[in-house]
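Novice: Could you look at this predicted model? Sequence included:
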Amino acid sequence: MTMWKIRNSAHGGYVAELGFCVESTPCGFKPGNYMPAFIRSESYSFDTLAKARRYVQRKQKESACYNHPVVEEFYNV
């Protein structure tokens, strides 16, 4: 599923990313599973959280193809 992710950056500020989630799936050729992942297709850096949120909202209004759910993840950096 394609979605926006807003997270804090290790260099300061925030990052808005558009991408899709890959779920854990079994490997067909050996025992085990592929790891779940978030594959980024677009990434933008911002100084404040408000700017990142406004950018995502603006992109969602511009085009129906950008109307994806938004997930915010914040870690202690």
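Specialist: That came through fine. Residues are numbered from 1 along each chain as shown.
Novice: mind checking which helix or strand of this protein has the lowest mean pLDDT?
Specialist: When the helices and strands of the chain are scored by mean pLDDT, DSSP states H and E, strand 70-73 comes last with a mean of 75.
Novice: can you tell me the helix or strand for the closest residue to S9 other than its chain neighbours?
Specialist: Spatial nearest neighbour of S9, excluding adjacent residues (CB to CB, 6 or more residues apart in numbering): V15 at 4.8 Å. Just so you know, the C-beta spots here come from the backbone N, C-alpha and C atoms, and that holds for glycine as well. Assigned by DSSP states H and E, V15 falls within strand 14-22.
Novice: returning to that earlier point: quick one: residues in contact with the least confident helix or strand of the chain.
Specialist: Here strand 70-73 makes contact (CB atoms under 8 Å, 6 or more residues apart in numbering) with M3, W4, K5, I6, R7, R53, V56.
Novice: who are the neighbours in contact with the first one?
Specialist: Put plainly, it is M3. L18, G19, F20, C21, H68, P69, V70, V71.
Novice: can you check Y34 too?
Specialist: Applying CB under 8 Å, 6+ apart, the residues contacting Y34 are V22, S24, T25, P26, C27.
Novice: Could you dump those into CSV and include pLDDT?
Specialist: Output for those, formatted as CSV (pLDDT from 0 to 100):
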residue, pLDDT
V22, 84
S24, 82
T25, 81
P26, 82
C27, 80
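Novice: what about the helices in this protein?
Specialist: Remark: helices assigned in the chain by DSSP state H are 49-62.
Novice: rewinding a little: pull out the buried residues from the contacts of strand 70-73.
Specialist: Buried members of these, scored by 16 or more other CB atoms under 10 Å, are W4, K5, I6, R7, R53, V56.
Novice: where in the protein is pLDDT low?
Specialist: 63-68, 75-77 (pLDDT under 70).
Novice: So which residues lie in contact with stretch 42-49, not counting its own?
Specialist: The contact list for stretch 42-49 (CB under 8 Å, 6+ apart) reads 6, 9, 11-19, 52, 55.
Novice: Go again with 6 Å.
Specialist: Outside stretch 42-49, the residues that touch it by CB atoms under 6 Å, 6 or more residues apart in numbering are G13, Y14, V15, A16, E17, L18, A52.
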